[in-house]
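**Student:** Structure of the sequence below:
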Amino acid sequence: MPRPPRLTIPGISQHVVQRGNNRHECFFEEKDYALYLSKLHEYAEKFRVSIHS
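**Tutor:** Next up is the predicted model:
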């Protein structure tokens, strides 16, 4: 069963965690992690959101 949608309130930060199923690793090579960070940056700019850490 999927989790319920996030409550989104404009101007309020959200805590989002990236991890694999059963807390397994998501990235196995440095280039995969680099691509993830690149896409995170790209979409943060596109959708005008801030990434704090």
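
**Student:** the strands in this structure, which residues?
**Tutor:** Secondary structure of the chain by DSSP state E: no strands are present.

**Student:** Would you mind listing where it has pLDDT under the threshold?
**Tutor:** Filtered on pLDDT under 70, the chain yields no residues whatsoever.

**Student:** As a check, name the ranges of all helices in it.
**Tutor:** 30-46 (DSSP state H).

**Student:** count of neighbours near the closest residue to residue 13 other than its chain neighbours?
**Tutor:** Setting aside the residues directly before and after it, residue 13 is nearest to residue 52 in space (C-beta to C-beta, 6 or more residues apart in numbering), at 7.2 Å. Backbone N, C-alpha and C define where each C-beta goes, glycine included. Counted with other C-beta atoms under 10 Å, residues neighbouring residue 52 total 5.

**Student:** again, but for residue 36
**Tutor:** Neighbour number of residue 36 under other C-beta under 10 Å is 13.

**Student:** next one: residue 38
**Tutor:** Neighbours around residue 38, by other C-beta under 10 Å: 10.

**Student:** I'd like the distance between it and residue 32.
**Tutor:** Residue 38 is 11 Å from residue 32, where distance means C-beta to C-beta, to the nearest Å.

**Student:** With residue 8 instead?
**Tutor:** Taken as C-beta to C-beta, the span from residue 8 to residue 32 is 29 Å.

**Student:** Check residue 21 too.
**Tutor:** 16 Å.

**Student:** Mind checking which of these two has more residues around it?
**Tutor:** It is residue 32, of residue 21 and residue 32, that has more neighbours when counted by other C-beta under 10 Å, with 11 against 6.

**Student:** which residues touch that one?
**Tutor:** Applying C-beta atoms under 8 Å, 6 or more residues apart in numbering to residue 32 gives no contacts.

**Student:** redo that, cut-off 10 Å
**Tutor:** residue 26 (C-beta atoms under 10 Å, 6 or more residues apart in numbering).

**Student:** And residue 27, by the same measure?
**Tutor:** Here residue 27 is in contact with 18, 20, 33-37 (C-beta under 10 Å, 6+ apart).
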